[in-house]
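>>> The following comprises the amino acid sequence and a computationally predicted model.
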Amino acid sequence: MDSAAFLLLAFVSFSTLLQVWGTGNVTALYGEVIVIPCNGGAPAPEDLMFVKWKYEKDDGTPGDLLVKQARSPKATVQATDDYAQRVSIDAKFSLLISQATLKDQKTFTCMVVSASNLMEYPISVLVYKKPSSVQIMDKSKVLQKDKLTMVGTCVSANANPAATITWKMNGKPLVADGKAVVITPSMKLDPATGLSTTSSTLQYAASKEDVAAVFACLSTHKLTNQETKLEPFPIYYPSEKISLEIMSKRPIVEEDNVTLKCHADGNPPPSSFFFHIKGQKIPVVNSDTYTLTSISRDAGGEYKCTLADNEKMEASQSIAVSYLDVSLTPTGKVVKAVGDPLPVTIEKNASGDSKVSWTKNGKALKELQFSKLTYADAGVYVCEVSMTGITRRQSFELVVEGKPRITSLTKHRADDDNYKVLTCEAEGVPEPNFQWSVNSTDVKKKSSYTNGKVTHKITVVPTVNLTVTCTVSNKLGEDTRTINVSSVIKEENEEKGAHEDSEDQAKLIVGVMVGLLIAAAIVGLIYWLYMKNSRQGSWKTGEKELGTSEESTKLEDNNHAV
């Protein structure tokens, strides 16, 4: 400032009353340019001489920043500290401070000097900075049921003013109660920058229902609100219930494999158990099952399992083993003679009620009784004894043997053919062999051998009368029967003679019938002629026939006699 200006300032200072306006406020952003308007940005007076900016130092003493002459294009920087490189002035006489820091939170004064007045406009500067980051540190992996466990620490860093942190669960704010919810806030001030870092640690005693809960922290600041969420936590809690399950199908049958499964409701699920098997404590690690292989009938009873780390937690199940023993007499192949009895017995040893059924050659039987065996009784018999889950089968093959016996020997002549068919029926086991005493012209197929019965047929053309023998035999013996067979030629002659005699007799009968008919016709003709002549005589005379009743009667008798 030149000497004239100083003289003018001195003159103004003594001759003019200094006026100071009330302090205004300006908010700036950290690191940005602070714009401090002079007199709220109002136009400068017409007789303006110069504008000067100054500030209040930390020790309370004033400090000069710069001065701008009304007619000079440039301002003169008077600051000798950090502000010397950071301050400037714009066309409206606003003070510009670059790279705002918290140290710029001071009162800056704009002094306006005119020819007629001297005015001062003090302005307080506030520098805001939003948090550089909001994140949750030291996050827990799990929460413990009914036990305070740290959820995490929410940090809102490097802010001015300091941010406020609020914890939420499922969108609702958590309120510290010192028991299930404990919130510990803290704040740290950076001595170099003056920025504040706010922290808040949450401890929470979870319940089983919190397994899907979503925790979040909300950072509240004048410039921005930021929220950070956590994934749901698994909730760990000790087992409260334990159960023992029999995995195998029911009923359990002797020789089955039986798997026991121990389950507890803790989280994480227990992985080690003790299985109590018939007085033995068997440890199982990293598994919840134990298998009894090929269980025996005497293995039935109560089984238990307990937690390896808490044997007071136990569960039990009773196992019943089903069994069924069957003994059949007889078994295998049984050979009996026809007519013999066959006793059949079944012995059972079972864990419960059982049902017995029989089949013969695959077909069901209502009852089984062999008081007197027949050939029809032969076959394969299967006895099935069953109870729930178990079926036992025993069988025997019955063979009924007997000496062959011919039951029928018959003959008949085929229609319109000149041969005869001989049929021999027999029964016996093993199957009988047939032998005939004559040669046959053709052997028909024998019928099927069923229930010890068989039929054999032959055809013969006998030219003379024969006596034919049928013989059946097997390893047990034989049987023979004979039948008389007449000559086919003789039968044909006899049939022919009988036919001729019958024809002669027919002719005689016809002749007699014809003669009688002729005689009857002649008699009738004579009678008709007689009656005609008698009537004509009466009609010729024109007189009535006269006579007594006796004469009339005699005449009728004569007519009948003729």
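All right, it came through fine.

>>> residues contacting T345?
L328, T329 (C-beta atoms under 8 Å, 6 or more residues apart in numbering). All C-beta atoms are positioned from the backbone trio N, CA, C, and that covers glycine.

>>> ok, 6 Å please
Listed by C-beta atoms under 6 Å, 6 or more residues apart in numbering, the contact partners of T345 are T329.

>>> just use 178 as the starting number from now, easier for me
I'll keep to 178 as the first residue from here, and by that count the last item is T522.

>>> Quick check: bridge partners of it?
For T522, the beta-bridge partners are T506 (DSSP bridges).

>>> How about M288?
With DSSP bridges as the rule, M288 is bridged to K229, E297.

>>> Tell me how far it lies from K418.
83 Å (C-beta to C-beta, to the nearest Å).

>>> ditto for P250
89 Å.

>>> So for the two, which residue has more residues nearby?
K418 (10 against 6; other C-beta atoms under 10 Å).

>>> Give the buried residues for the helix or strand that contains H440.
Using DSSP states H and E, H440 falls within strand 435-441. The neighbour-count check on strand 435-441 (16 or more other C-beta atoms under 10 Å) flags V435, L437, K438, C439, H440, A441 as buried.

>>> what are the pairing partners of the longest strand along the chain, and which direction each?
The residue-count maximum for a strand in the chain (DSSP state E) belongs to strand 567-590. Applying DSSP bridges, strand 567-590 is found paired with strand 509-514 (parallel), strand 556-564 (antiparallel), strand 597-606 (antiparallel).

>>> So what's the gap between the last one and the chain middle?
Looking back up the chat, that one is strand 597-606. Chain-centre distance of strand 597-606: 65 Å, with C-alpha atoms, centre = their mean, to the nearest Å.

>>> Now the element after it, going C-ward?
strand 610-613.

>>> mind checking the end-to-end distance for stretch 275-283?
Terminal residues of stretch 275-283 lie 15 Å apart, using C-alpha to C-alpha, to the nearest Å.

>>> distance between that stretch and the chain's centre?
Centre to centre, stretch against its chain (C-alpha atoms, centre = their mean), the figure for stretch 275-283 is 72 Å.

>>> Now that stretch: buried residues?
A277, T278, L279, D281, Q282, K283.

>>> repeat for stretch 501-510
L501, V503, L505, P507.

>>> pLDDT wise, what is the third one at?
Model confidence at L505, expressed as pLDDT, equals 95.

>>> tell me the domain boundaries of the chain?
180-305, 310-413, 419-499, 503-577, 580-666 (automatic domain parsing).

>>> would you turn these into JSON lines with distance to L702?
Shown next, in JSON lines, are those (distance: least, C-beta to C-beta, whole Å):
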{"stretch": "domain 180-305", "distance to L702": "169"}
{"stretch": "domain 310-413", "distance to L702": "138"}
{"stretch": "domain 419-499", "distance to L702": "113"}
{"stretch": "domain 503-577", "distance to L702": "81"}
{"stretch": "domain 580-666", "distance to L702": "51"}
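
>>> looking at these, which is closest to A696?
domain 580-666 (44.4 Å; C-beta to C-beta).

>>> so how far is that closest one from its chain's centroid?
Centre to centre, stretch against its chain (C-alpha atoms, centre = their mean), the figure for domain 580-666 is 69 Å.

>>> any idea how far I274 is from D258?
12 Å.

>>> These two: which has the busier surroundings?
A direct count of neighbours by other C-beta under 10 Å for I274 and D258 places I274 higher, at 25 against 10.

>>> The more buried one contacts S265, correct?
No. Assessed by C-beta atoms under 6 Å, I274 is found out of contact with S265, at 8.3 Å.

>>> Quick check: bridge partners of the nearest residue to A476 once chain neighbours are set aside?
Once flanking residues are discounted, A476 sits nearest to V498: 5.8 Å by C-beta to C-beta, 6 or more residues apart in numbering. Assessed by DSSP bridges, V498 has beta-bridge partners I429.

>>> For stretch 373-388, give the mean pLDDT please.
95.

>>> which of the residues in that stretch are buried?
In stretch 373-388, counting by 16+ other C-beta under 10 Å, buried: S373, T374, T375, S376, S377, T378, L379, Q380, Y381, A382, A383, D387.

>>> Endpoint to endpoint, it covers what distance?
35 Å.

>>> Ok, stretch 205-212 next?
Note: stretch 205-212 ends 8 Å apart using C-alpha to C-alpha.

>>> residues near N610, how many?
N610: 15 neighbours (other C-beta under 10 Å).

>>> swap in G217?
Neighbours around G217, by other C-beta under 10 Å: 10.

>>> Give me the local confidence score for it.
pLDDT, G217: 91.

>>> For it, give me its contacts.
So G217 contacts nothing (C-beta under 6 Å, 6+ apart).

>>> quick check, it in a helix?
Yes. Judged by DSSP: H, G, I helix; E, B strand; the rest coil, G217 forms part of a helix.

>>> Tell me where the model's unsure across the stretch 328-477 of the chain.
Across the stretch 328-477 of the chain, nothing is flagged by pLDDT under 70.

>>> Please repeat the previous calculation with a cut-off of 90.
For the stretch 328-477 of the chain, residues meeting the criterion pLDDT under 90 lie at 388, 417, 425-427, 448, 455-456.

>>> Now I695: phi and psi?
phi -60, psi -40 (degrees, to the nearest 10).

>>> same thing with V388?
Per-residue torsions, V388: phi -60, psi -30 (degrees, to the nearest 10).

>>> Leaving out the residues flanking it, which one is nearest to it?
Spatial nearest neighbour of V388, chain neighbours left out: I412 (4.8 Å); criterion: C-beta to C-beta, 6+ apart.

>>> What number of residues are in the vicinity of the one you found?
19.

>>> what ranges do the helices span in this protein?
Secondary structure of the chain by DSSP state H: the helices cover 180-192, 665-718, 726-738.

>>> Could I get the average pLDDT for the second one?
The average of the pLDDT scores along helix 665-718 is 59.

>>> Same question for the longest strand of the chain: list its buried residues.
Buried residues in strand 567-590 (16+ other C-beta under 10 Å): 567, 569, 571, 573, 575, 577-583, 586.

>>> Next: stretch 326-338.
Result for stretch 326-338 [16+ other C-beta under 10 Å]: buried residues T326, V328, G329, T330, C331, V332, S333, A334, N335, A336, N337.
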